[in-house]
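Chemist: Sharing a sequence plus its predicted fold:
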Amino acid sequence: MNNVVQRWASDIAQHAANGTLMRLVAGLFRQLVFWLTWLCFLLIFALWGSMRWIGEQNITTAFLLFLPPLGWLLPLIPIVLLALLFNWRCLGALLVLIAFISWGWLGWRSPVFRSSNVCSSATLSIMTYNRGESRNQSLQPFIKATLPDVLVMQDAANRLEGYLRSPEYAEFKHGASAGEHVILSKYPVKEALMLPPASLGRLARVARFVIEWQGRLVSIYSVHLMTPRDALKSHARGAFLWGVLALPGTPWAAKRKHYQEFWDGQIADVRAMIDKVRADPNPSVMAGDFNSPHLGYTHQMMTRELGDSHAEVGSGFGFTFPGDTRNPLSLRGPWLRIDYIFHDRRWQAVECITEHDRPSQHRAVVAKLCLIQNASGSLSQP
């Protein structure tokens, strides 16, 4: 070790004597920037892949899914500054990485407008909104701007009669409720019931409504999965590390299993919902608050079977939560997309719009869907 230090000291002294010390320092920083850039690439893509394909299956990646996106960009700022000074070639690679985080990772979508023969039939417009913690902010401006045919709401227990009496919702002549879920519709509601929970000991999270539309029955599932708020609070105090440190066979494996129970329950609920839609004879739509970020494993489970309207035809990031926040790492705006409108393969999404800038915890989402012409599902009871 002493020989190495002496050799470095000798080299520095020689460069100082020759007047090339600054060139030596610049060369060292150039190499540092090069290796830091590739390290960032490896770490970012490893994190992205683990959150996408592991996600809620591990408490560490589940926790990372909910962090504000600016947190992933901040570590790159000093490396970009070093690249500006010492290694311009790495600057382009860093900008590509920043673009990937800002658009690819966060799910940016350019506007898509569909008009094809397969969508020549009438369209059904559906809005979903979790009205919990709405702070009495009116939904009317967004309703008037988008003119939905059907509105499904979560956290709306015992509010159906008030909506049906309200002149603001007069265009919705039909309605029904099931548990905390409410549907308001321009078309007759033929059925409303809560679906049984995925397993014993869990609460029912999904209501199934059936409406009569265009001479056929359509199933609309209103979803409100459990909030991860308490789980994330415990993870933030350090419990998220058990997903990496508490390997099977270690003394901490029981801790990992304990904290993983919440996420296993979420996965079980999603699997049960998918099974219900797969077995439904009616063209089906599933909308609501899934409490699952778009990058996570449960979202991948959904999109293997169903279409995500925003991913197909939405615009922008489509963030829906939290609608009102002062978190500087999110630039004081929402940073999660957890409210969705999914549809089975008998539908095609034509348009999807996320509500913009309202001081409510959740933003509403509306999707316009058209039934593919050769889709089955005549007017008959399931």
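Modeler: Yes, it's here.
Chemist: only C-alpha atoms for contact and neighbour calcs from this point on.
Modeler: Noted.
Chemist: Tell me the secondary structure at Gly71.
Modeler: helix (DSSP: H, G, I helix; E, B strand; the rest coil).
Chemist: mind checking pLDDT for it?
Modeler: As summarised for this prediction, Gly71 has a pLDDT of 78.
Chemist: For it, grab the count of nearby residues.
Modeler: By the measure other C-alpha atoms under 10 Å, the count of residues near Gly71 is 12.
Chemist: Next one: it from Ala364, what distance?
Modeler: Per C-alpha to C-alpha, to the nearest Å, Gly71 is found 26 Å from Ala364.
Chemist: all strands for the stretch 51-200 of the chain, in order.
Modeler: 123-130, 150-154, 174-178, 181-185, 189-194 (DSSP state E, counting those that start in this stretch).
Chemist: out of those strands, which comes closest to Leu295?
Modeler: strand 123-130 (20.4 Å; C-alpha to C-alpha).
Chemist: closest one to Trp213 among the strands of the stretch 51-200 of the chain?
Modeler: Between those, strand 123-130 lies closest to Trp213; by C-alpha to C-alpha that is 8.4 Å.
Chemist: Who are the packing partners of the closest one?
Modeler: On a contact count with 3 or more C-alpha pairs under 8 Å, 6 or more residues apart in numbering; DSSP states H and E, strand 123-130 meets strand 150-154, strand 284-289, strand 339-343, strand 365-371.
Chemist: Who does that strand pair with, and is each partner parallel or antiparallel?
Modeler: strand 150-154 (parallel), strand 365-371 (antiparallel) (DSSP bridges).
Chemist: Show me the contact partners of the last one.
Modeler: Going back to what we said before, that points to strand 365-371. Residues from elsewhere that reach strand 365-371 (C-alpha atoms under 8 Å, 6 or more residues apart in numbering): 119, 121-129, 146, 148, 309-310, 320, 339-341, 346-355.
Chemist: can you check stretch 159-167 too?
Modeler: Residues contacting stretch 159-167 (C-alpha under 8 Å, 6+ apart): 169-170, 172-177, 182, 184.
Chemist: Now flag whichever of those is closest to Phe66.
Modeler: Val182 (27.7 Å).
Chemist: Looks like that closest one contacts Val189 (just checking).
Modeler: No: distance between Val182 and Val189: 11.2 Å, which falls outside the contact criterion (C-alpha atoms under 8 Å).
Chemist: Between those two, which has more neighbouring residues?
Modeler: Taking neighbours as other C-alpha under 10 Å, Val182 and Val189 compare with Val182 leading, 25 against 21.
Chemist: Not counting its neighbours along the chain, what's nearest that one?
Modeler: Spatial nearest neighbour of Val182, chain neighbours left out: Met153 (5.2 Å); criterion: C-alpha to C-alpha, 6 or more residues apart in numbering.
Chemist: That neighbour is in contact with Tyr221, isn't it?
Modeler: No: Met153 is beyond contact range of Tyr221, at 10.7 Å (criterion: C-alpha under 8 Å).
Chemist: Show me the shaky parts of the stretch 101-250 of the chain.
Modeler: 111-121, 134 (pLDDT under 70).
Chemist: Confirm Leu217 sits in a strand?
Modeler: Yes: counting by three-state DSSP, one finds Leu217 located in a strand.
Chemist: Residue ranges of each domain in the chain, please.
Modeler: The chain breaks down by automatic domain parsing into domains covering 2-53+70-105, 117-371.
Chemist: Out of the ones you listed, which is the most enclosed?
Modeler: For the domains of the chain, average neighbour numbers computed from mean count of other C-alpha atoms under 10 Å are highest in domain 117-371, which has a mean of 19.
Chemist: which helix is the longest one in the protein?
Modeler: helix 21-53 (DSSP state H).
Chemist: packing partners for that one?
Modeler: Helix 21-53 packs on helix 2-18, helix 59-65, helix 76-86, helix 88-99, helix 297-305, going by 3+ C-alpha pairs under 8 Å, 6+ apart.
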